[in-house]
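Chemist: here's a sequence, model it:
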Amino acid sequence: MNALTEWYGQLSERDKKVVQIAAPISVLIIIVFAVIIPINSAVSSLRSEVADNKKAVVLLQAEAPRGTQGGAKKSFSSLTNLVTSTTRQYNFKLDRFEEKSSSEISVWFDSVAFDQLLQWLENLDNDYGVKSSFVTISQTSETGIVRTNVRLTTGS
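Modeler: Reported below is the predicted structural model:
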């Protein structure tokens, strides 16, 4: 810092005025190009991404199967009974289930066909009004077969 003050002290008055004017302008230009423009670009990119995601959500909602909307749903005695009976209909091996409450249950399958899993979830939604509130799916070594954890909830 001493070298800088010595250098500045050796300048003529005209050169000192130039430095006094040029230094703040240089700092301002550096701030604009190093901070403001990149942030503005990132914000613009994120806005574009949000707009694209909103369009995708609208498209997915429009394409989602509507099933028996507004129609009467089949009744069932308990969520546990419904899960065990429907998994038997689909020939699923129910590896584990955990009833959280009378309106929520988590089920685990170590080996289930992905397409059949989706049909089962659609059947539960369309026929009984049971929704999947949480789903994790991981692949297995066998093509089309997945390991999954599904949390099912009723509207009540």
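Chemist: in this protein, spot the helix with the most residues.
Modeler: helix 37-63 (DSSP state H).
Chemist: mean confidence for that one?
Modeler: Throughout helix 37-63, pLDDT has a mean value of 89.
Chemist: then stretch 121-132?
Modeler: 90.
Chemist: only C-alpha atoms, please: export it in PDB.
Modeler: What follows is stretch 121-132, C-alpha atoms only, in PDB (Å, rounded to 0.1, in the frame of the first residue of the first chain):
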ATOM      1  CA  LEU A 121     -51.900 -46.900  -8.300                       C
ATOM      2  CA  GLU A 122     -54.300 -45.700 -11.000                       C
ATOM      3  CA  ASN A 123     -56.900 -48.300 -10.000                       C
ATOM      4  CA  LEU A 124     -56.600 -47.200  -6.400                       C
ATOM      5  CA  ASP A 125     -57.100 -43.600  -7.300                       C
ATOM      6  CA  ASN A 126     -59.800 -44.000  -9.900                       C
ATOM      7  CA  ASP A 127     -61.900 -46.700  -8.100                       C
ATOM      8  CA  TYR A 128     -61.300 -45.900  -4.500                       C
ATOM      9  CA  GLY A 129     -60.100 -42.400  -4.300                       C
ATOM     10  CA  VAL A 130     -56.800 -43.500  -2.700                       C
ATOM     11  CA  LYS A 131     -53.900 -41.200  -3.600                       C
ATOM     12  CA  SER A 132     -50.200 -41.900  -3.600                       C
END
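Chemist: could I get the buried residue list for that stretch?
Modeler: Neighbour counts over stretch 121-132 (16 or more other C-beta atoms under 10 Å) mark 121, 124-130, 132 as buried. For the C-beta atoms, the positions are set from N, CA and C on the backbone; glycine is no exception.
Chemist: residues touching it, excluding its own?
Modeler: Stretch 121-132 has contacts (C-beta atoms under 8 Å, 6 or more residues apart in numbering) with 65, 67-68, 73-74, 76, 79, 82, 86, 135, 150-155.
Chemist: sweet, I'm off.
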